[in-house]
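Visitor: 3D, please:
(chains A and B)
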Amino acid sequence: MTTVKTKLDRRSFIRSSALAGGGLLLTFSWLAPACTTDSPKQLTMPDEWYELNGFLKIGNNGAVTIMSPNPEIGQNVKTSMPMIVADELDIDWKFVMVEQAPLNTDIFTRQLAGGSQSIRQGWNGLRMAGATARRMLREAAAHEWKVPVDEITTEAGVLYHTGSGKEAGYGEMASAAAELTVPEEVELKDIKDFTIIGTSRKNVDGPKIVTGKPLFGLDYKAEGMVIAMIEHPPAFGMKLKSFDATEAKGMPGIIDVFAIKTYNDDYEWQWSDITSFTELVAVVGKSTWEVMNAKLMLNVEWEPIAEDNAQGVPVGKENTADHYKKMEEAAVNSSRERRRDGNPEEAFKKAAKVIERTYTAPFQAHNPMEPMNFFADVKDDLALLAGPTQTPEFMEKTVAARLGLPLEKVDVQMTRMGGGFGRRLYGHFMVEAAVISQKVKAPVKLIYSREDDMSYGIYRPAYHALYRAALDADNNLIGFHVRMGGIPDSPLHANRFPAGSVDNYLAESFSVGTNISTGAFRAPGSNFNAVAEQSFLDEVAEAAGKDPIQFRLDLLKRAQENPVGSNNDYDAARYAGVLEQVREKSGWDTNSEGKSRGVAAYFCHNSYVANVVDITKKDGEPVIEKVYASVDCGIVVNPDAAVNMTEGSIVDGIGHAMYSELTFSEGQPEQNNFDMYRLIRHGEAPKEIEVHFVENNIDPTGLGEPPYPPVMGALANALYKANGERYYHQPFVKNSIG
Amino acid sequence: MAVFNLNINGKQHEVDVDPSTPMLWVLRDHLDLVGTKFGCGIAQCGACTILVNGVATRSCITFVDSVGDKEITTIEGLSENGDHPLQKAWIEEDVPQCGYCQSGQIMNAAGLLNANPSPSDEEIEMAMHGNICRCGTYTRIKKAIKTAANS
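Guide: Here you go, the predicted model:
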């Protein structure tokens, strides 16, 4: 049992929730909690709720509502975070209802969806929330029964005192417990005593999702709400010059058309404020179809951005062909050293064999299925915002600054998100909705069409990587050189494997300026460098005449026993662990007959994943029959959900590596909807996916991103076995540049 | 603007909208039925799928003046209590991640099972090709369709 200091103060929750009650525009369905699907159909609502702390309240009938603090983008933290609270509280999951918490910086820390950190950073706080409430209930029982609190035990929502035979449900003691001071120290369960963590629980929103209940930002409705859409420049490097709204304003259902400026000139941008186009034309009307039609009737003139633009980006209209050329030139002319071990130049000079390969990947759009949107109701002294955002805390500051309101007068409610993938980290659309609402003095739902969204920017950058390996006469890897860059940022992680396993190592990076906006995309950097690195290691292993898994394991052994340099950003033993597990589970040594198999492994966002991809041929076309995944993410909170995340990452990774590409012509994205921008479809997904977890008691780490990068490398390696072709350029379906 | 009498989920609804309004927006903006989702607007993603006389149809390109008195079923009307075999299978297999595409997936699958109660894997893949899941739940969707078909 671990004893920890708590940091909870129930009083601040009660204070803050009174203000949050300003959200009177919310219809009942938004407040209706999600019942766990184990819940008996008629889970009766209690007469009274007692708040024990900011995370949970207990009803007089023993029902429990647990707040899920973090934004939900499909990573299912809305189920797993409450599971952690419920386990330490020691209740039966079937009596739990889950509510999405609003932004509340008094109670919750890091209400953010990104970096695969929700469970990892929330773990201790969530456990404490459950444990302190359980302690308070025991104290209440002890007080009532006049016995020492140490003699009170709990099991699944019932308090027991064995000595006297007394027992009471949590509901009976909740009122008294709610009056107690939140304890300063509390005991946490031993891992072996978990009853909910480590068991599979269904998605708490499952029943609502499959019956079409309103859940997403795009579904949000409020009394008197109007619809808004924006028009942004058709190309990067352009800005608004002028517009004629006469025709648009005359269209049915249209309320107003006007220009908006997303930021005041003196505003200091946070990282989440990345905005491609700061001046837009807004169209406001009564219904979506009417606004869409009016948008078509806008007459807008655009002009090039100024040389001394505030963003500091280059002027001009960019083309994809130039992009790849520029990266090649920058690789040669402007690379900067990031890490050096030993004497790489010497190693390459005296090598028996040198292998050199270049890899590229294109810009990509995030394309969550729910297009960008947000609701804002801005009054003189209060702004209510609701919608899909991965960064409510950062964006609350931006909106408050833009509206000229103090932070406590801005209320942010998080709706369920139809995907994020990093796109909704950048909440410019929240500011736009707020500015529009302020102007029209009405509640506004701003929505983007798919075209508006896909052509708006904040893309996954284009990348270029050069890899070189030096082998000695005995086929030992004696030198390793990676030089990678991107438009605009290099994806290089200089201290990741194989750094630490090679005596002579050089890592360099370069960058190419652009006026195309970019941002974090599922596993930033890793979503390219894993693919390049893992396909390259495969070629090196082949040149060395070694089995690809054993080749990696030998290097990892060196990194573990006798690491080169310091600051190696991975645990070699855990890295080897997933490779060994996937080798065993896939029958790599025993069951490869008739299959074209590729392997890869990668470490990012604190978790380790290895994949084996099996390809067969059907009518001459490669078919991905099966993908194995071995995952080390520490303690697995919700196993089946973790399998779902891993499966989804695998499908997503294969899809992006195989098919997805955004190209530019004169600054204009050439794809702006799914007819031109290809995403993976049902028939293209693996026929079977098998996921295994490495069992250990390490504190949990994330799964939103780690299973995404390595499968792309394993795919490239399997494709090589299937058709003798190496894949250097994404998307693989083209395997050529641009 | 014109008045249309629509048969949706077994009930009659009257709406006064422009005849070119797609059913997607009639449902979402005028009838408070937001289960049918907007993903692309050009029938490339399947999020807007409804049934028209039992046939899976993309509501984003189905204009209200083309529907007449045909029977429209949306996700909200697939069952009384969320207990259509597909809905039950979706829960049993814990299919959704973000959940945004799933109404469209389920309705498209309902159309498939109406026409072909016992589809093979290949038939499922072909029928579901038009429904994108950005979260990658395709393997679970296939499993759930087979579970529903067998129940």
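Visitor: of all of chain B, which residue lies closest to chain A?
Guide: Scanning chain B for proximity to chain A using Cβ to the nearest Cβ identifies B:G35 as nearest, at 1.9 Å. To be clear about C-beta, it is placed using only N, CA and C from the backbone, and glycine gets the same treatment.
Visitor: Look up phi and psi at that residue.
Guide: As for B:G35, its main-chain torsions (degrees, to the nearest 10) stand at phi -60, psi -30.
Visitor: Show me what from the stretch 501-650 of chain A comes close to chain B.
Guide: If contacts are counted using Cβ under 8 Å from any Cβ of the partner chain, the residues of the stretch 501-650 of chain A sitting beside chain B are A:D640, A:A641, A:N644, A:M645, A:E647, A:G648, A:S649, A:I650.
Visitor: Can I take it that the first one is in a helix?
Guide: Yep, that's A:D640 we're talking about. Yes. Using DSSP: H, G, I helix; E, B strand; the rest coil, the secondary structure at A:D640 is a helix.
Visitor: How about it: what's its closest non-neighbour residue?
Guide: When the adjacent residues along the chain are set aside, A:D640 lies closest to A:S200, with 3.6 Å between them (Cβ to Cβ, 6 or more residues apart in numbering or on different chains).
Visitor: so that neighbour makes contact with A:P639?
Guide: Yes. Taking contact to mean Cβ atoms under 8 Å, the distance of 4.8 Å between A:S200 and A:P639 places them in contact.
Visitor: how deep is residue 34 tucked in, by neighbour count?
Guide: Looking at chain A here, since you left the chain open. By the criterion of other Cβ atoms under 10 Å in any protein chain shown, A:A34 has 25 neighbours.
Visitor: Not quite, go with chain B.
Guide: Around B:V34 there are 23 other residues, counting by other Cβ under 10 Å.
Visitor: got the contact list for it?
Guide: If a contact means Cβ atoms under 8 Å, 6 or more residues apart in numbering or on different chains, then B:V34 has A:G212, A:P214, A:L218, A:D219, A:K221, B:L27, B:R28 as its contacts.
Visitor: Quickly list the domain ranges of chain B.
Guide: Partitioning chain B according to automatic domain parsing yields domains covering residues B:2-77, B:85-150.
Visitor: related to what we said a few turns ago, if you tally nearby residues, what's the number for the residue nearest to the residue of chain B closest to chain A when sequence neighbours are not counted?
Guide: In space, B:G35 comes closest to A:G212 once its chain neighbours are excluded; the distance is 1.9 Å by Cβ to Cβ, 6+ apart. A:G212 has 25 neighbours, counted by other Cβ under 10 Å.
Visitor: before we move on, what about A:A543?
Guide: Residue crowding around A:A543 was assessed by other Cβ under 10 Å; the count is 15.
Visitor: I'd assumed A:K353 was in contact with it.
Guide: Yes. Proximity of A:A543 to A:K353 meets the contact threshold set by Cβ under 8 Å, at 5.9 Å.
Visitor: if we can go back for a sec, of all pairs in the contacts of B:V34, which one is the farthest apart?
Guide: Taking Cβ to Cβ, the two most distant members of these are A:G212 and A:K221; they sit 14.2 Å apart.
Visitor: List phi and psi for the residue nearest to B:K37 when sequence neighbours are not counted.
Guide: Nearest residue to B:K37, sequence neighbours excluded (Cβ to Cβ, 6+ apart): B:A47, at 4.0 Å. As for B:A47, its main-chain torsions (degrees, to the nearest 10) stand at phi -70, psi -20.
Visitor: coming back round to it: what's near enough to touch the residue nearest to A:D640?
Guide: A:N638, A:P639, A:D640, A:A641, B:D94.
Visitor: Could you pull up phi and psi at the residue of the stretch 151-300 of chain A found nearest chain B?
Guide: Taking Cβ to the nearest Cβ, chain B has its nearest neighbour within the stretch 151-300 of chain A at A:G212, 1.9 Å off. When quoted as degrees, to the nearest 10, the phi and psi of A:G212 stand at phi 70, psi 30.
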